[in-house]
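Chemist: Have a look; sequence and predicted model below, questions after that.
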Amino acid sequence: MSNKAYMVPNPPTPNKAVAFNPDICIGCNKCVDICPGDVMMPNPEKKKQPIVVYPEECWYCGGCVEECPRPGAITMLHPTQQRISVNWKRKDTGELFRLGMKNPPPPNTRPPSGE
Amino acid sequence: MSTWHEYVQKTGKVPEWPYPVNYGKMNEVVSDVLVIGGGVAGLQAAINAARLGAKVAVLERGHAKRSGSGGAGVDHWHGAVTNPCSKVTPEMYTNACYDSMQGWTGGHVRYIITTEGWDTLLDCERMGIQIRDVKDEFKGAIFRDEQTKLMFAYDYANKHILRVWGYNIKPKLYEEAKRLGVNIQNRMMPTSLLTAGGKQGERVVGATAVNTHTGEFYVFKSKATVISTGGAGRLFVFAPEITASGTMADINSAGVGQALGWNAGAEFVCMEGSGPGGLIGFGYAPYSMGNASNTYHGAPIVDADGKELPWVDVFGRELKTAEDRFFPHEGQQFQLGIGIGISRTNQEFRLNDIPPNIVDRIRSGEFKLPLYADLTRLSEAERRCLFGMMVGNEGKTRIPIYDTMTRAGFDPDKDLFQTPVMPIEGYFNACYWAGGPNTPPTIRSLSGGGFLTDWNLRTNLEGLYIGAGSTIFGGGCHGESHTTGRYAGRHAAMYAKTAPEPAIDQKQVDAERESAYNATRQSKEGNGWKEINAAIARIMRDYCGRHKNETTLNLGLRLLNELKTTELASAYASNPHELGRLLECHALISVGELVMKASLERKASNSILDFHRLDYPQMDPPAWNKLLPIRQENNKTKVRDLPLDFHLKAPYASTYDENYKKHSGI
């Protein structure tokens, strides 16, 4: 915890739109280059992950994720109000799941058709 | 660290703009054909013009590799009626659209789309888009043709709507355009069409634009121009904090192409038409909720206790099996998908559906909320096709839905996918993710109107062609954007072959350059673009909503002008991105003016256009059964009358086939 505080505007809504994993991202900025809305900008520090500047202008096309050469470096995050809405129920057991839950079930690894 | 907030708090510094800024620095791009808008329509226009030997430039707002409403993918292609399996002809399809709209759609554009839609798709296949089940994943399925390996959607009997694996359609078009040497200029915010002598109504000879990374100024000089821009999603509502993830049009949808055309003197029709803003983004992330419409057509819906909702045919007869949902039944010739812009009035050719009385049956307690999509009740092939193939390829679904949900553990073989819980009127339409009742009733969206074009898809302005799904009168969905783009690009290139060299009016360029940078010269106290956009949307909702009269429309026009000359004139842009967004606000005001002026000219109410004049309440009086092409000349509004079937009247031939053969350029 730090007592250093800044006078900054409220975090925008949605907060992020996308999140970077700094251990995987190599700062190539391919996602920055193709984003239709200029949601992200290059990091002033070379080879570092981009900075999300305009998250409210994201339309959640996922193009940045498709463009990324390093799987896992960038994750598209639906706004929390959308994530909280995506719910499903296991037919046999009645268990309830939702996008973004704390202890999610194991991933369904089946790729989309055509792959 | 991912966000600006994190960066600032970690470093204690506000990062400088990452691109070199040179406001006003002149650049010139010369081409035979200029395409404004690098979405799927624009790249098709560019590719097809380049194939005819034209030197082509594309002016793109984002980055053409993945931009545009169609840039996020496609899973089904309407109107591919000339595919070898189809039982529908271009004439049948065109008449179905035209008759459903009682004539209020461009029949010639629909005919061009259906005549060339399949050829366009074959072009896409040659570029590397998968349009057939080449891996035999669905061998033996009822929606697949074993010989051609084509797969059909919605109407398995007539086979005119094809399922396609189009998640990568935009990168493939982009590669092809680059291969052909198309000069793609990304991050361009266009500010004007250049015309001969700088006059409205004269030949179009190029455009001006500002680069939203560098702030530099661009003059595009071209013999022919194609406008391929998208809709004006930010006109009636501006709340991206809520709507951006739910919309099917990205934030660049500011009606820029319409504004360019209107200010240059191009003619428009039916801009007074609008509809409820159901898909405007107040719902849920597209396709992220259980539903049974469009891409999810045919999905079994069950209630909270697992009781299945019925499906009915177009005559209200209950269907017995899940398979029945994909066939027309006795008395219905064929079916049209939704998404092609006519579903509001399309009765005869409607898809099978969950009956509208489901609302009353939920109210009465027969079905208990929440509802779920239970894909386990489908056959394995149908389930895999719906979630693995269509949801894996539709716009905004590959990463946002398929990847995101499967990583989170969703399994369509095991799980019930919950639909939104909303006021029960919302269940009237099985496209539940659109969340109809969540959208305020004051919000409208433009519907059906656009540039008026001839059989060459040329506007009234020499040198200006239109290829686009939503901004052309008679357009439609994703495939329609490709096909009109392809046709318009071809015609623009043919015109450019013999067209005289474009002469740019230096005075027009100088004036554009002066006004484009106004927001960089204002006091930092000035408003920002979001504040202005929200005000524009407020004026449109209040003064151009569902009910209008002469006085409210004139008040609305006055307020748009007030905003333009006061708050917008003094607005401040702190970087080229904000400058681009403020220039979009100018475009939005132009489109707002166009819509209000078109609304003033129609002195009658009209049911197809969902147009309600309180001062002319009589609905559909026969004397007003006509188009009212509207344009500007010397900044004055000019309107004329045009019959709805103008495309089959002199100077044109009386049949679709004859006109197409004469004009297609093939």
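Modeler: Yes, it's here.

Chemist: Quick check: which element contains the residue of the stretch 501-650 of chain B found nearest chain A?
Modeler: Here the stretch 501-650 of chain B gets closest to chain A at one residue, residue B:577, 5.6 Å apart by C-beta to the nearest C-beta. To be clear about C-beta, it is placed using only N, CA and C from the backbone, and glycine gets the same treatment. In this assignment (DSSP states H and E), residue B:577 forms part of helix B:576-601.

Chemist: Distance from the chain centre to that helix, please.
Modeler: Averaging C-alpha positions (C-alpha atoms, centre = their mean, to the nearest Å) puts helix B:576-601 17 Å from its chain's average.

Chemist: Now it: buried residues?
Modeler: B:576-600 (16 or more other C-beta atoms under 10 Å in any protein chain shown).

Chemist: helices or strands up against it?
Modeler: strand B:188-195, strand B:204-211, helix B:256-264, helix B:529-543, helix B:550-565, strand B:630-633, strand B:636-639 (3 or more C-beta pairs under 8 Å, 6 or more residues apart in numbering or on different chains; DSSP states H and E).

Chemist: Would you mind giving those as a markdown table with distance to residue B:90, mean neighbour count and mean pLDDT added?
Modeler: Output for the helices and strands packed on helix B:576-601, formatted as a markdown table (distance: least, C-beta to C-beta, whole Å; neighbours: other C-beta atoms under 10 Å in any protein chain shown; pLDDT from 0 to 100):
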| stretch | distance to residue B:90 | mean neighbour count | mean pLDDT |
| --- | --- | --- | --- |
| strand B:188-195 | 32 | 25 | 98 |
| strand B:204-211 | 30 | 27 | 98 |
| helix B:256-264 | 27 | 27 | 98 |
| helix B:529-543 | 37 | 20 | 98 |
| helix B:550-565 | 39 | 16 | 98 |
| strand B:630-633 | 30 | 20 | 98 |
| strand B:636-639 | 32 | 13 | 98 |
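
Chemist: Tell me the residues of the stretch 151-300 of chain B that contact chain A?
Modeler: B:165, B:167-168, B:187, B:212-213, B:240-242, B:244-247, B:249-252, B:284-285, B:288-289 (C-beta under 8 Å from any C-beta of the partner chain).

Chemist: Check which residues of stretch A:101-110 are buried.
Modeler: A:105, A:108.

Chemist: and that stretch, what's its mean pLDDT?
Modeler: Stretch A:101-110 comes out with an average pLDDT of 97.

Chemist: right, is it up against chain B?
Modeler: Yes - between stretch A:101-110 and chain B, judged by C-beta under 8 Å from any C-beta, the touching residues are A:101, A:104-110.

Chemist: Among these, name the ones in helices.
Modeler: Among these, no member falls in helices (DSSP state H).

Chemist: and which of these is nearest chain B?
Modeler: For those, the nearest to chain B is residue A:105 (3.4 Å; C-beta to the nearest C-beta).

Chemist: Report whether the expected contact of that closest one with residue B:405 is present.
Modeler: No - the pair residue A:105 / residue B:405 is not scored as a contact, 11.3 Å apart, by C-beta atoms under 8 Å.

Chemist: what sits against residue 44?
Modeler: Looking at chain A here, since you left the chain open. Shown in contact with residue A:44 (C-beta atoms under 8 Å, 6 or more residues apart in numbering or on different chains): B:15-16, B:18.

Chemist: my question was about chain B
Modeler: Counting by C-beta under 8 Å, 6+ apart, residue B:44 has contacts B:120, B:173, B:467, B:481-483, B:485-486, B:489.

Chemist: Out of these, which end up buried?
Modeler: Buried among the contacts of residue B:44 by 16+ other C-beta under 10 Å: B:120, B:173, B:467, B:481-483, B:485-486, B:489.

Chemist: which among those residues gets closest to chain A?
Modeler: residue B:173 (13.7 Å).

Chemist: Look at the nearest residue to that closest one once chain neighbours are set aside and give its secondary structure.
Modeler: Spatial nearest neighbour of residue B:173, excluding adjacent residues (C-beta to C-beta, 6 or more residues apart in numbering or on different chains): residue B:43 at 4.2 Å. Recorded secondary structure, residue B:43: helix (DSSP: H, G, I helix; E, B strand; the rest coil).

Chemist: Confirm for me that residue B:43 is in contact with residue B:172.
Modeler: No - using C-beta under 8 Å, residue B:43 makes no contact with residue B:172, being 9.5 Å away.

Chemist: who has more neighbours, the two?
Modeler: residue B:43 (37 against 18; other C-beta atoms under 10 Å in any protein chain shown).

Chemist: Looking at the more buried one now. What's its pLDDT?
Modeler: Reported pLDDT for residue B:43: 98.

Chemist: ok, now how distant is it from residue B:376?
Modeler: 40 Å (C-beta to C-beta, to the nearest Å).

Chemist: Could you do residue A:88 as well?
Modeler: Counting by C-beta to C-beta, the gap from residue A:88 to residue B:376 is 12 Å.

Chemist: Need the residues touching each of those two.
Modeler: Listed as contacting both residue A:88 and residue B:376 by C-beta under 8 Å, 6+ apart are residue B:416.

Chemist: Between those two, point out the one with more neighbours.
Modeler: Taking other C-beta under 10 Å, residue A:88 and residue B:376 do not tie; residue A:88 has more neighbours (25 against 17).

Chemist: Run through the bridge partners of that one.
Modeler: residue A:97, residue B:417 (DSSP bridges).

Chemist: residue at max distance from the center of chain A?
Modeler: The centre of chain A is farthest from one residue, residue A:92, which by C-alpha atoms, centre = their mean lies 31.3 Å away.

Chemist: Which of the helices and strands in chain B ranks last by mean pLDDT?
Modeler: strand B:274-276 (a mean of 90; mean pLDDT, DSSP states H and E).

Chemist: Show me what it is packed against.
Modeler: Applying 3+ C-beta pairs under 8 Å, 6+ apart, we find strand B:274-276 packed against strand B:444-446.

Chemist: Partner strands of the strand it packs on, with direction?
Modeler: strand B:274-276 (antiparallel).

Chemist: Now residue A:82: which helix or strand?
Modeler: Here residue A:82 is assigned to helix A:80-83, by DSSP H and E.

Chemist: Mind listing residues that contact that helix?
Modeler: A:14-15, A:77, A:98-100, B:242, B:245-246, B:284-285, B:288.
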